[in-house]
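Chemist: Sequence plus predicted model, see below.
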Amino acid sequence: MLVAARRIESDADQVRYEFGFDHAFDRILRIDRHTLGASVEDGVFDSAASAITAKIFRSWQSGGDYPLQISFAS
């Protein structure tokens, strides 16, 4: 499984990413900067959404900012 994401919007309240399998950016992930809650616009928080969210959070914790792009492969 290869899931890739790229940041499309970032403001004081939330960060939004396009993500999908094999660079098919067909879904939107939202992360609330205040609560760190993550949600997917289509309402399906599946293994792909979970994996890429965890990878984004690890990058944010180690680097202090949300990455412009990131991928997860298993």
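Modeler: The structure has been received and is ready for your questions. Residues are numbered from 1 along each chain as shown.
Chemist: Find the residue closest to the spatially most central residue of the chain in space, skipping its chain neighbours.
Modeler: Nearest to the mean C-alpha position of the chain, by Cα atoms, centre = their mean, lies residue 53 at 4.6 Å. In space, residue 53 comes closest to residue 38 once its chain neighbours are excluded; the distance is 4.6 Å by Cβ to Cβ, 6 or more residues apart in numbering. C-beta here means a position set from N, CA and C on the backbone, and glycine is covered the same way.
Chemist: Isn't the one you found up against residue 19?
Modeler: No: Residue 38 lies out of contact with residue 19 (Cβ atoms under 8 Å); the separation is 11.1 Å.
Chemist: Compare neighbour counts for these two and give me the winner.
Modeler: Taking other Cβ atoms under 10 Å, residue 38 and residue 19 do not tie; residue 19 has more neighbours (27 against 20).
Chemist: List the residues that contact that one.
Modeler: 3, 4, 5, 6, 25, 27, 28, 29, 48, 49, 52 (Cβ atoms under 8 Å, 6 or more residues apart in numbering).
Chemist: Please identify which of those is nearest to residue 69.
Modeler: residue 6 (4.4 Å; Cβ to Cβ).
Chemist: before we move on, which element is the closest one in?
Modeler: strand 2-10 (DSSP states H and E).
Chemist: Can you name the residues bridging to residue 31?
Modeler: residue 15, residue 38 (DSSP bridges).
Chemist: Tell me which helix or strand residue 48 sits in.
Modeler: Going by DSSP H and E, residue 48 is in helix 47-63.
Chemist: Excluding sequence neighbours, find me the nearest residue to residue 59.
Modeler: The nearest residue in space to residue 59 (Cβ to Cβ, 6+ apart) is residue 67, at 4.6 Å.
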